[in-house]
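J.: no FASTA, just this:
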């Protein structure tokens, strides 16, 4: 059983209202894709969308940023197909067609339910069993959590515009929280879990990211003790234009990593 950390110290209204930007946008499912509504709590479900290319391909479980929803990936999914991946994008509570209210605690908890629901779908649907996990920005919390909990079930981890721990996230967003033993203990526990992730890791970060600076991606790379890790820097890219600015380099790095 994975060790669940106590995130309640940062589940404060001032922080949650600043971090989470739930949108109720949920488009009609594109041809070839499938919608999933995964139960995560009593009368609470999380919406996900599976962009299927071919059952013989590996799949990528993707956790998006705090201002996105799964349907934003309707036009992006084909680029993941081109590098040989099926794409499974997960929302958070309150996002898309999900119910409930997002917090850090349930973001982490729900990631486990989503992971096992996808694993079940891959097994029962006779899909290729290889699975990668990717987290963008806020989604890096979920991705790092799962990679540290289920390394034997994963082929690799990808972090885009991400970070390790939660202190840096609060700092760069201009949020202040009274430091106490619980907060320090949470930060250290997160870093300890991240440090020991044994799966191959690809970190992609924009050179001029003004929200989560490049040094956080570099810090994450240094924290990881595994030998199979790579940092790809996208020149001139900021936090929200990284894929657009560095399209070829971005997908070349992803394609090379998953092959």
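T.: Perfect, thanks for sending it. Source: prediction; values computed, not measured.
J.: Please make it C-alpha for all contacts and neighbour counts, starting now.
T.: Fine.
J.: How far away from the center of its chain is the helix or strand of the chain with the lowest mean pLDDT?
T.: Counting by mean pLDDT, DSSP states H and E, the chain has its least confident helix or strand at helix 167-172, which shows a mean of 85. Relative to the centre of its chain, helix 167-172 is centred 17 Å away, using Cα atoms, centre = their mean, to the nearest Å.
J.: roughly how far is whichever strand or helix holds residue 81 from the heart of the chain?
T.: Residue 81 belongs to helix 77-82 when assigned by DSSP states H and E. Counting by Cα atoms, centre = their mean, helix 77-82 is centred 17 Å from the centre of its parent chain.
J.: Quick check: next helix or strand after that helix?
T.: Counting by DSSP H and E, what follows helix 77-82 is strand 86-90.
J.: What lies in contact with the least confident helix or strand of the chain?
T.: 163, 176, 187, 211, 212, 216 (Cα atoms under 8 Å, 6 or more residues apart in numbering).
J.: Closest to residue 115 out of those?
T.: For these, the residue nearest residue 115 by Cα to Cα is residue 163; the value is 20.7 Å.
J.: That closest one is in what secondary structure piece?
T.: Per DSSP H and E, there is no helix or strand for residue 163.
J.: Compute the number of surrounding residues for residue 70.
T.: 25 (other Cα atoms under 10 Å).
J.: Wait, it touches residue 51, no?
T.: No. At 10.3 Å, residue 70 does not count as touching residue 51 under the criterion of Cα atoms under 8 Å.
J.: What ranges in the chain fall below the confidence cut-off?
T.: 1, 179 (pLDDT under 70).
J.: now the strands for it?
T.: 33-41, 44-51, 59-63, 86-90, 131-136, 156-160, 201-206, 229-234 (DSSP state E).
J.: Parallel or antiparallel, list what pairs with the fourth one.
T.: For strand 86-90, sheet partners with direction are given as strand 44-51 (antiparallel), strand 59-63 (parallel), following DSSP bridges.
J.: Could you do the longest one as well?
T.: Pairing partners of strand 33-41, with direction, according to DSSP bridges: strand 44-51 (antiparallel).
J.: What lies in contact with the strand it pairs with?
T.: Against strand 44-51 from outside (Cα under 8 Å, 6+ apart): 29, 32-40, 70-71, 77, 86-93, 95-100.
J.: got it, and stretch 25-32?
T.: Residues contacting stretch 25-32 (Cα under 8 Å, 6+ apart): 35, 49, 51, 52, 53, 69, 70, 71, 74, 95, 96, 97.
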